[in-house]
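> need a 3D model of the sequence below.
(2 chains)
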There are 2 protein chains.
Amino acid sequence: MKARIHIFYKDSVFDPQGNTVAASLQRLGFNTVKDVRIGKVIDVTLEAKRIEDARIEIGKMCEKLLVNPVIESYRLESIEA
Amino acid sequence: MKARIHIFYKDSVFDPQGNTVAASLQRLGFNTVKDVRIGKVIDVTLEAKRIEDARIEIGKMCEKLLVNPVIESYRLESIEA
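Predicted coordinates for the structure are as follows:
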């Protein structure tokens, strides 16, 4: 199965990479840009018999390694066989 | 408008971050993990009158700054008013 996870800084957390990219885009002439937020997208290929099992495994992975819950939030975007 | 872009290493390009995370997950006991690929997700908020205009702008931003076409590929995941 293949799961796709999005990890972003929480809205209340300053995103320096996003702000730098926004400023760079504006300097390049993209004056319509108002805001940029940058996160990670993680595609995990795993073996699981049922989608529900995979969903639980992915949740554990996020809690144990992939996500820093103090400053980040995650969302399981998709999961498919 | 808000656009969401995914940027991944091309499939032919080695993804060291993804491989490290896959190894770490396996060491933590997630033996079902077969592969991990890590990319970026960029949310751009921009002003545009029509979705088609925003789409063109985003394409230019990717070509000029956001994406390194030698090793990365991008996909405009969504765009909404």
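
> against chain B, how distant is A:Glu63?
When CB to the nearest CB, to the nearest Å is the yardstick, A:Glu63 and chain B sit 11 Å from each other. For the C-beta atoms, the positions are set from N, CA and C on the backbone; glycine is no exception.

> mind checking pLDDT for the residue nearest to that residue when sequence neighbours are not counted?
Residue nearest to A:Glu63 in three dimensions, not counting chain neighbours: A:Pro69, with 7.4 Å by CB to CB, 6 or more residues apart in numbering or on different chains. Here the pLDDT value assigned to A:Pro69 is 96.

> same deal with A:Ala81?
Taken from the predicted model, the pLDDT recorded for A:Ala81 is 88.

> neighbours around the closest residue in space to it that isn't next to it in sequence, how many?
The spatially closest residue to A:Ala81, leaving aside those adjacent along the chain, is A:Met1, at 5.4 Å (CB to CB, 6+ apart). A:Met1 is flanked by 20 other residues according to other CB atoms under 10 Å in any protein chain shown.

> and what of the one 10 residues further on?
Applying other CB under 10 Å, we find 8 other residues in the vicinity of A:Asp11.

> that one falls within a helix, correct?
No: with DSSP: H, G, I helix; E, B strand; the rest coil as the criterion, A:Asp11 is coil rather than part of a helix.

> before we move on, what's the pLDDT of it?
Model confidence at A:Asp11, expressed as pLDDT, equals 94.

> torsion angles phi and psi at the residue in chain A sticking out farthest from the centre?
Distance to the chain centre peaks in chain A at A:Gly29, reaching 27.7 Å (criterion: CA atoms, centre = their mean). In terms of degrees, to the nearest 10, the main-chain angles of A:Gly29 are phi 110, psi 0.

> got the confidence number for it?
We note a pLDDT of 98 for A:Gly29 in this prediction.

> ok, now A:Ile56?
Among the per-residue scores, A:Ile56 shows a pLDDT of 97.

> quick check, it in a helix?
Yes: secondary structure of A:Ile56 (three-state DSSP): part of a helix.

> just give me the neighbour total for it.
12.

> residues touching it, list them.
Under the criterion of CB atoms under 8 Å, 6 or more residues apart in numbering or on different chains, A:Ile56 has no contact partners.

> relative to chain B, how far out is it?
When distances are taken as CB to the nearest CB, A:Ile56 and chain B turn out to be 11 Å apart.
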